[in-house]
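S.K.: No sequence on hand, only this structure:
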């Protein structure tokens, strides 16, 4: 399967706060909020939703095309992605902007307060998929993940025009998008990925019911944190998949990106929706136990042992060949 991942490419500045944000907030005074948190740690990591997904797909033996926009400060990051089997040929480099930056503080309850500087990401709207297809041939699936909103809409429209299957993954951008734009991003998707909060937000902003959304996409995958995920397809029984037990939450940044990459990798291996979600959950567990979304280590033997413990020997047997072949 030839996968193209479009989305943000950014540097993550991740901080941890030992207390609870809520303890420093007064409900009646939120309209004049002014708070500061003394953090204990700062980690500077590679991130961005598109890059996180592409990185994990590379770790899982695929060679995804990553499409997005960066600044001239991207050289070290570019080398990192290349070493992890990501095709970076079609990344646009800005002449004037820095690579996007995500600044996030996580409290003791895994609540997060974050800011995002788009920088070069705004230039992603200038990228056309057509010239990429001319160079590499037909694309089997295009992931439209959080990015410059105009770029997301452009990539989605081009996929429809060219008859290319696409994944709708609007996640973080849902807060800023209006209902009409969300409808345009979702309608006709082969897959719609959200967490349960984002699923409710899509319904609220589009005015579509859960069933109306399901009628417009082929498969809807909704993650529910420690409660696992739900997979829905029109006319098919709902599938519920438990999450992989974790040793503890280290950093939740990029966990959903890890889930998506695992799901899509298993899809490329020809596995069932249930197995796809199980592989996704196993990658998500690795991410949440590591600081930074691209800093986990996938050791095949350890992965398979953990996967067997979570889902049983039969499930593990179906992924053993692909996982064992990983470097």
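M.R.: Looks like it arrived, so ask away. Values in this document were obtained by computation on a predicted structure and should not be read as measured data.
S.K.: Contacts for stretch 70-78 next, please.
M.R.: 9, 11, 46, 51, 88, 91-95, 97-100, 119-120 (Cβ atoms under 8 Å, 6 or more residues apart in numbering). Just so you know, the C-beta spots here come from the backbone N, C-alpha and C atoms, and that holds for glycine as well.
S.K.: Let me know the average pLDDT across it.
M.R.: Confidence for stretch 70-78, expressed as mean pLDDT, is 95.
S.K.: Quote the end-to-end distance of that stretch.
M.R.: End-to-end span of stretch 70-78 (Cα to Cα, to the nearest Å): 10 Å.
S.K.: Buried residues of stretch 10-24, list them for me.
M.R.: 10-17, 21 (16 or more other Cβ atoms under 10 Å).
S.K.: what is the mean pLDDT for that stretch?
M.R.: 90.
S.K.: any idea how far that stretch is from the chain center?
M.R.: Distance, stretch centre to chain centre, for stretch 10-24: 20 Å (Cα atoms, centre = their mean, to the nearest Å).
S.K.: Could you save the buried residues of stretch 10-24 as CSV and add columns showing distance to residue 200 and secondary structure?
M.R.: Formatted as CSV, the buried residues of stretch 10-24 follow (distance: Cβ to Cβ, whole Å; DSSP: H, G, I helix; E, B strand; the rest coil):
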residue, distance to residue 200, secondary structure
10, 26, strand
11, 31, strand
12, 26, strand
13, 29, strand
14, 27, strand
15, 28, strand
16, 28, strand
17, 27, coil
21, 22, helix
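S.K.: Closest one to residue 57 out of those, please.
M.R.: Nearest to residue 57 out of the buried residues of stretch 10-24 is residue 10 (Cβ to Cβ; 17.5 Å).
S.K.: Contact partners for the closest one?
M.R.: Residue 10 touches 47-48, 51, 99-102, 116, 121, counting by Cβ under 8 Å, 6+ apart.
S.K.: one step back: I would like a ChimeraX command selecting only the buried ones among the contacts of stretch 70-78, please.
M.R.: Entered in ChimeraX, the line below selects the buried ones among the contacts of stretch 70-78, by 16+ other Cβ under 10 Å:
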select :9,11,46,51,88,91,93,94,97,98,99,100,119,120
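S.K.: Identify the farthest-apart pair in the contacts of stretch 70-78.
M.R.: Every pair of the contacts of stretch 70-78 checked by Cβ to Cβ; the farthest is 46 and 95, at 22.1 Å.
S.K.: Can you tell me which of the contacts of stretch 70-78 is nearest residue 127?
M.R.: After measuring those against residue 127 - Cβ to Cβ - the closest member comes out as residue 92, at 5.7 Å.
S.K.: Just the pLDDT for the closest one.
M.R.: 97.
S.K.: With adjacent residues omitted, what lies nearest to it?
M.R.: Distances taken as Cβ to Cβ, 6 or more residues apart in numbering put residue 69 closest to residue 92, at 4.3 Å, once the chain neighbours are dropped.
S.K.: From residue 167, how far out is that neighbour?
M.R.: To residue 167, residue 69 is 20 Å away according to Cβ to Cβ, to the nearest Å.
S.K.: what do you get for residue 9?
M.R.: Taking Cβ to Cβ, one finds residue 9 at 17 Å from residue 167.
S.K.: Kindly report the same for residue 306.
M.R.: 26 Å.
S.K.: the more surrounded of the two?
M.R.: Neighbours of residue 306 and residue 167, each counted by other Cβ atoms under 10 Å, are more numerous for residue 167; the result is 28 against 18.
S.K.: The more buried one contacts residue 191, correct?
M.R.: Yes. Between residue 167 and residue 191 there is a contact at 4.6 Å, judged by Cβ atoms under 8 Å.
S.K.: returning to that earlier point: the contacts of stretch 70-78 in helices, which ones?
M.R.: In this view, these that belong to helices under DSSP state H are residue 51.
S.K.: From the contacts of stretch 70-78, which land in strands?
M.R.: With DSSP state E as the criterion, strands contain 11, 46, 92-93, 100 from among the contacts of stretch 70-78.
S.K.: So what does residue 126 look like in phi/psi?
M.R.: phi -90, psi 0 (degrees, to the nearest 10).
S.K.: can you count the residues close to it?
M.R.: 13.
S.K.: any idea how far residue 148 is from the closest residue to it other than its chain neighbours?
M.R.: Spatial nearest neighbour of residue 126, excluding adjacent residues (Cβ to Cβ, 6+ apart): residue 92 at 6.9 Å. Per Cβ to Cβ, residue 92 is found 11 Å from residue 148.
S.K.: Need the overlap of contacts for these two.
M.R.: 69, 123-124.
S.K.: Could you pick out the buried ones from those?
M.R.: Buried members of the shared contacts of residue 92 and residue 148, counted by 16+ other Cβ under 10 Å: 69, 123-124.
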